[in-house]
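Enquirer: Sharing a model that was predicted from the sequence below.
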Amino acid sequence: MRRRTDYIVVHCSATNPDADIGVDEIRQWHMDGNHWDDIGYHAVIRRDGEIEFGRHFDEPGAHVKGQNYRSVGVCMVGGVDRNGKPENNFTHDQFESLTILLDMLERAYPLAKILGHRDLSPDLDGDGIIEEHEWLKDCPCFDVFAWRFGSGAT
């Protein structure tokens, strides 16, 4: 059981816009490629906006190294273009479903901070801000905080 939830972390699957995948496919990748016992995410949002559930929300995930014991992981399918480059190519339906899911998770974990995977990269220059040059990954390929709280567009 996860004892605390400090973060709700949004991820992308790093798949192109044509990839129609969900929990089953990602679970298989995680179990075969990483030898984990389950999918790393608690929820996956498919291209059509369908929300599929993975790990139980009470369990630690396997989605942000060093933060799994205190976070919930949500994965949006997509996030790279056909050449494998980071791209915010998520559908309107996905963003609608992400809003609904985050509303639910905020009620369940009212003290948790909503952010993107890249926002948990190390602050290499020690200025208190995780800047683009410090990101370990572009994931989820948009500014989650700006999108969620209206200080920017996707």
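Expert: Done, it's in.
Enquirer: From now on I want contacts and neighbour counts done on CA atoms only, so please keep to that.
Expert: OK.
Enquirer: Surely E25 is in a helix?
Expert: Yes: according to DSSP: H, G, I helix; E, B strand; the rest coil, E25 belongs to a helix.
Enquirer: Model confidence for it, exactly?
Expert: In the predicted model, E25 carries a pLDDT score of 97.
Enquirer: burial of it, as a residue count?
Expert: As a burial measure, the neighbour count of E25 was computed by other CA atoms under 10 Å and equals 12.
Enquirer: Would you map the helices across the protein?
Expert: With DSSP state H applied, the chain shows helices at 23-34, 92-108, 144-149, listed in chain order.
Enquirer: Out of those helices, flag the one nearest G116.
Expert: Nearest to G116, of all those, is helix 144-149, at 5.5 Å by CA to CA.
Enquirer: Buried residues in that closest one, which are they?
Expert: Of the residues in helix 144-149, those scored as buried under the neighbour-count criterion (16 or more other CA atoms under 10 Å) are 144-145, 148.
Enquirer: right, and the helices of the chain - which one's nearest D138?
Expert: When the helices of the chain are compared for distance to D138 using CA to CA, the nearest one is helix 144-149, at 11.6 Å.
Enquirer: Show me what the closest one is packed against.
Expert: Packing partners of helix 144-149 (3 or more CA pairs under 8 Å, 6 or more residues apart in numbering; DSSP states H and E): strand 113-116.
Enquirer: Name the residues that touch the strand it packs on?
Expert: Contact partners of strand 113-116, identified using CA atoms under 8 Å, 6 or more residues apart in numbering, comprise 6-11, 139-140, 142-145.
Enquirer: Fine, thanks again, bye for now.
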